[in-house]
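1. Need a 3D model of the following:
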Amino acid sequence: MTSNLPIAASRAEQLGRHEALATFFQGLSDPTRVRILELLAERPRTVTELQAELGIAQGRLSSHLACLRWCGYVFAVAQGRYNRYQLVDPRVRRILADAESIVRQNADRLTSCLVLATESDAAPIEEP
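-> Numbering: from 1, shown residues only. As a prediction, the model looks like this:
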């Protein structure tokens, strides 16, 4: 079996600074992936633990974890029969906290952005 990693990694040389930053944030563009990162920011977890917390099918969870692994947000450590997932970089905690603060202060503006509304069918942002 061959890996697509070298092919995908070579694309990084083609990305400019702005494209690289946009790609970083695309990894955060799914609510389930954000929730996974929040849970892993608390402590490392297994797929079974994440599945119990999120209440989603194992296949969907595995797809999200694969994305987060490829993007470099999380990694897995083998422990017996299980993989325990954890954040690659603790700065992700701070990024999530800062983003939440900005969202809380700008929820009305974010939910009324016509450009974002046409780019996705995402659910509206809820104010806490």
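
2. Where does pLDDT dip in the protein?
-> Within the chain, the ranges that satisfy pLDDT under 70 run 1-12, 119-128.

3. One more pass at 50, please.
-> 1-7, 122, 127-128 (pLDDT under 50).

4. where along it do the helices fall?
-> Assigned by DSSP state H, the helices in the chain fall at 5-10, 17-26, 31-42, 47-54, 58-71, 91-111, 114-119.

5. need these in a markdown table with distance to Tyr85, can you?
-> For glycine as for every other residue, the C-beta is placed from the backbone atoms N, C-alpha and C. Formatted as a markdown table, those follow (distance: least, CB to CB, whole Å):
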| stretch | distance to Tyr85 |
| --- | --- |
| helix 5-10 | 18 |
| helix 17-26 | 19 |
| helix 31-42 | 6 |
| helix 47-54 | 7 |
| helix 58-71 | 6 |
| helix 91-111 | 13 |
| helix 114-119 | 29 |
